[in-house]
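Trainee: sequence and predicted structure are below.
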Amino acid sequence: MRIVVKTERCTGCKECIESCPFTAIEIKGGKAFINEYCQFCKTCLSVCPEGAIVEVLEGGDMQKADLSAYKGVWIFAEQREGKVAPVAYELLGAGRKLAEELKTELCAVLLGADDHEAQELIRWGADKVYHAKDTSFDTFNDEPYAQLLVRLIATHKPEIVLAGATPIGRSFIPRVAARLRTGLTADCTALEIDKDSGNLLQIRPAFGGNIMATILCPNYRPQIATVRPRVMKRGEYNTDKKGEIIPVAADNLTCRTKVLETIKETSECMVNLQDAEVIVAGGRGMGEKGFAMLHELAELLGGAVGASRAAVDEGWIPYSHQVGQTGRTVCPKVYIACGISGAVQHLVGMQSSDVIIAINKNPEAPIFSVATYGIVGDANEVVPLLIRKLKEIKGK
Amino acid sequence: MNIVVCIKQVPDTAEVRINPETNTLIREGVPSIINPYDLHALEAALQIRERSGGKVTVITMGPPQAEGALREAIAMGADEVRLISDRAFAGADTWATSYALYKAIDTIGYDIILCGKQAIDGDTAQVGPEVAEFLTIPHISYVRKIDEVSDGRIKVQRLTDEGYDVVESPLPVLLTVVKEINTPRLPSLKGKMAAKKAVITTMDLAAIGAEEENVGLKGSPTQVKNIFAPPAKTDRKMLQGSVEEQIDALINELRGLKCV
Ligand SMILES: Cc1cc2nc3c(=O)[nH]c(=O)nc-3n(C[C@H](O)[C@H](O)[C@H](O)COP(=O)(O)OP(=O)(O)OC[C@H]3O[C@@H](n4cnc5c(N)ncnc54)[C@H](O)[C@@H]3O)c2cc1C
Ligand SMILES: Nc1ncnc2c1ncn2[C@@H]1O[C@H](COP(=O)(O)O)[C@@H](O)[C@H]1O
């Protein structure tokens, strides 16, 4: 979508200039001209007495020539409270491989955070970092994030843009794709370049993980995907790597939403489920006391504690730890399910974990059907023993 | 207060499987349901209406059968429904779906638009924010509670990885809701009667004022190249021996994974 002036109708009356909240209209050659600060608020459309300002969609397939104008692989480096999220480094790892195959550069976009974080992105593989060092970005709001990314993409024309499939990425990237009139594939778990066409093959689960699909965006650019955290491998960290940091101005952005308060609920355990490499999860079979053991086990393994809905309903652990259809979807390296039966609603939230270990006293429990390793036994025996043995190893 | 709810009819995903020979979806016998998240969106709309007054309009884009979903919505208490249906809409990805919904919503009028967090068939969670962008209104994703609607503003709780944010926005706004927001009501007897009698208004391409090149398969930037069954976990292993032996074996495996 674009806002354009039909010059044959424009009388140069300047009404629109005064109406524009973003100073996005100027007079060029006696006619109104809409510059890149336009935020598509459409105020001017109703103001113009001649009806000379209209909204047009940049519909239709791009021409081959248009497609080839798009070059480079970009990743959106999400930060939270000024620290780049781990998923950004994973995207750099994945992006590097794609950039090499396409023989092009790898760039990162960082909104908020400081110079040190921008440098880190270079050390993790970025050739360039577009950095808007403005503290207003430290709090996430969809509109300014989307507007600035749209502006950068429209100016520099990358062929691929990757972002983390996190609550932030999955919330504002759709706005970017809508505005740019291009495709967006959600929550990819694998990315490849098609050898013949050079198109990005975007592979993702659908139907609650029962089915995988390969998605293409052949006729529009950029090709945008959100990528599931902890699926892609980081590249090499190189302290000598040189790269360019390009400052980006954050002016003329609209932001109508306002974050009044940020509340953290992840209780005892420091690591949040989304970032944890190991998750120790408990269900009804653990009992209230059992959960204390799970926290201890998680700590020993450097992981986080998850739970089934039954355990949350019992009040043994806050809701934010719930895994499953109505809780979080997680995919750690190792998921240890203790005293969880494995109802489908639980399985859809964890079945794509790399390794699943199930401890359950019922050998028929459905959790064993997705488990890599299963132990049939009483968790209240198995877990303490496991903790003891791990402590012995650590002690040595 | 005009409240618009977007609902989608989806196959019950717990039942969907892939035919390993043909690599196509086995849809036979799979029941159609209203996307579970959308029931929560509708419930949220009904609760806003009960508190602040207004009208709840439910829309869905889909084939003629999707009418069933709209009748269910009436049974729950929706005031009006629209079926956005046209052969030209078939095969739409999230861009083309959002575009058609945007055009339709623009003809209805809206203060609050409610969507589910995601549809359980595609799991994309993109349609809500895309519709908001087309309408050039703000949106808030993953809403788990609506604290307040007053004086043209809304205050909600947005779920985050670590907990939640309290977010405020002027109206009009689009919200996508998660399941903790409420428990959807069951249809009332009166509602069921109304649903049976209701005449469902269908809006086609011309009625929503959209262009053919922006909807359906034609308007969709993405294409599904193929679908396939997820790689089976072949390395499944039940550990053997006494509890102690099993634990030793497990620790060995954890070592292999560099977790110990
Ligand atoms: C719409 C909907 C959404 C839902 N969403 C979710 C969701 O997001 N997440 C979720 O988890 N659930 C969800 N559920 C609930 C789900 O259906 C199950 O009820 C729930 O997952 C069961 O939790 P559980 O496995 O802990 O309990 P149970 O099913 O009661 O299983 C307990 C297990 O522990 C074993 N056990 C008991 N004692 C011991 C012991 N001493 N040692 C070892 N094993 C022991 C038992 O053999 C049993 O297998 C949802 C349900 C619905 C209808
Ligand atoms: N065809 C459709 N008709 C109406 N609403 C839809 C449609 N597709 C998606 N939605 C809405 O958008 C939300 C997110 O869908 P999705 O992006 O497909 O995961 C759903 O929960 C619905 O509220």
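Mentor: Structure received. Since we're looking at a predicted model, the values are computed, not measured. Ligands and ions are numbered 1, 2, ... in the order given.
Trainee: which SSE is A:Ile357 in?
Mentor: Element membership of A:Ile357, judged by DSSP states H and E, is strand A:355-360.
Trainee: what is the helix or strand hosting A:Val259 packed up against?
Mentor: Using DSSP H and E, A:Val259 sits in strand A:258-264. Packing partners of strand A:258-264 (3 or more C-beta pairs under 8 Å, 6 or more residues apart in numbering or on different chains; DSSP states H and E): strand B:163-170. Backbone N, C-alpha and C define where each C-beta goes, glycine included.
Trainee: contacting residues around the strand it packs on?
Mentor: A:256-266, A:320, B:138, B:140, B:144, B:147, B:152-158 (C-beta atoms under 8 Å, 6 or more residues apart in numbering or on different chains).
Trainee: taking the mean pLDDT, what do you get for the helix or strand that it is followed by?
Mentor: Next along the chain after strand B:163-170, taking DSSP H and E as the criterion, comes strand B:173-177. In this model, strand B:173-177 has a mean pLDDT of 98.
Trainee: check stretch A:247-264 too.
Mentor: 93.
Trainee: so who does the residue of the stretch 51-200 of chain B found nearest ligand 2 touch?
Mentor: Of all residues in the stretch 51-200 of chain B, the one sitting closest to ligand 2 is B:Gly116 (2.5 Å; C-beta to the nearest ligand atom). Residues near B:Gly116 by C-beta under 8 Å, 6+ apart: B:Cys6, B:Ile7, B:Lys8, B:Asn35, B:Pro36, B:Tyr37, B:Asp38, B:His40, B:Ala41, B:Gly128, B:Thr176, B:Val177.
Trainee: show me the two of these that sit farthest apart.
Mentor: Across the contacts of B:Gly116, no pair lies farther apart than B:Pro36 and B:Gly128, at 15.2 Å, counting by C-beta to C-beta.
Trainee: which of those two has more neighbours?
Mentor: Legend: neighbour count by other C-beta atoms under 10 Å in any protein chain shown for B:Pro36 and B:Gly128, higher for B:Gly128 (29 against 19).
Trainee: B:Thr222 contacts A:Cys188, doesn't it?
Mentor: No: at 11.7 Å, B:Thr222 does not count as touching A:Cys188 under the criterion of C-beta atoms under 8 Å.
Trainee: from B:Tyr142, how far out is the spatially closest residue to the residue of the stretch 51-200 of chain B closest to ligand 2 that is not a sequence neighbour?
Mentor: Distance criterion C-beta to C-beta, 6 or more residues apart in numbering or on different chains; nearest residue to B:Gly116, sequence neighbours excluded, is B:Tyr37 at 2.8 Å. Separation of B:Tyr37 from B:Tyr142 (C-beta to C-beta, to the nearest Å): 11 Å.
Trainee: overlap in contacts, the two.
Mentor: B:Lys117, B:Val177, B:Val178.
Trainee: burial measure for the second one, as a count.
Mentor: Read that as B:Val177. 31.
Trainee: over to the last one?
Mentor: Around B:Val178 sit 20 other residues, with neighbours defined as other C-beta under 10 Å.
Trainee: could I get the phi/psi values of it?
Mentor: Torsion angles at B:Val178 (phi, psi; degrees, to the nearest 10) stand at phi -100, psi 170.
Trainee: what residues does it make contact with?
Mentor: Residues counted as contacts of B:Val178 (C-beta under 8 Å, 6+ apart) are A:Thr326, B:Tyr37, B:His40, B:Lys117, B:Tyr142, B:Val143, B:Arg144, B:Leu159.
Trainee: ranges for the helices of the stretch 101-250 of chain A?
Mentor: A:115-123, A:142-156, A:167-180 (DSSP state H, counting those that start in this stretch).
Trainee: helices and strands around the helix or strand encompassing A:Leu45, which ones?
Mentor: Taking DSSP H and E as the criterion, A:Leu45 maps to helix A:43-47. If you count contacts as 3+ C-beta pairs under 8 Å, 6+ apart, helix A:43-47 packs onto helix A:15-19, strand A:53-56.
Trainee: what residues does the stretch 101-250 of chain A put near chain B?
Mentor: With the criterion set to C-beta under 8 Å from any C-beta of the partner chain, the stretch 101-250 of chain A comes near chain B through A:142-143, A:146, A:166-167, A:170-172, A:174-175, A:177-179, A:181-187, A:201, A:205-220.
Trainee: most packed of the helices of the stretch 101-250 of chain A?
Mentor: Among the helices of the stretch 101-250 of chain A, ranked by average contacts under mean count of other C-beta atoms under 10 Å in any protein chain shown, first place goes to helix A:167-180 (a mean of 26).
Trainee: okay, and for the chain, where does confidence drop off?
Mentor: Reading this off chain A. A:1, A:39, A:56-65, A:208, A:266-271, A:396 (pLDDT under 70).
Trainee: looking at chain B here, not the other one
Mentor: Those would be B:13-28, B:231-236, if you go by pLDDT under 70 across chain B.
Trainee: can I get stretch A:77-97 as PDB, trimmed to CA atoms?
Mentor: C-alpha atoms of stretch A:77-97 as PDB (Å, rounded to 0.1, in the frame of the first residue of the first chain):
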ATOM      1  CA  ALA A  77      18.100  -8.700  16.300                       C
ATOM      2  CA  GLU A  78      15.500  -8.600  19.100                       C
ATOM      3  CA  GLN A  79      16.600  -7.200  22.400                       C
ATOM      4  CA  ARG A  80      14.900  -7.200  25.700                       C
ATOM      5  CA  GLU A  81      15.900  -4.600  28.300                       C
ATOM      6  CA  GLY A  82      18.900  -3.700  26.300                       C
ATOM      7  CA  LYS A  83      20.300  -7.200  25.900                       C
ATOM      8  CA  VAL A  84      20.200  -9.000  22.500                       C
ATOM      9  CA  ALA A  85      18.100 -12.100  22.800                       C
ATOM     10  CA  PRO A  86      19.800 -15.500  22.200                       C
ATOM     11  CA  VAL A  87      17.600 -16.100  19.200                       C
ATOM     12  CA  ALA A  88      19.400 -13.300  17.300                       C
ATOM     13  CA  TYR A  89      22.700 -15.100  17.400                       C
ATOM     14  CA  GLU A  90      21.000 -18.200  16.200                       C
ATOM     15  CA  LEU A  91      19.500 -16.200  13.300                       C
ATOM     16  CA  LEU A  92      23.000 -15.000  12.500                       C
ATOM     17  CA  GLY A  93      24.200 -18.600  12.300                       C
ATOM     18  CA  ALA A  94      21.400 -19.600  10.000                       C
ATOM     19  CA  GLY A  95      21.700 -16.300   8.000                       C
ATOM     20  CA  ARG A  96      25.400 -16.800   7.400                       C
ATOM     21  CA  LYS A  97      24.800 -20.100   5.700                       C
END
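Trainee: list the buried residues in it.
Mentor: For stretch A:77-97, burial by neighbour count (16 or more other C-beta atoms under 10 Å in any protein chain shown) applies to A:77-80, A:84-97.
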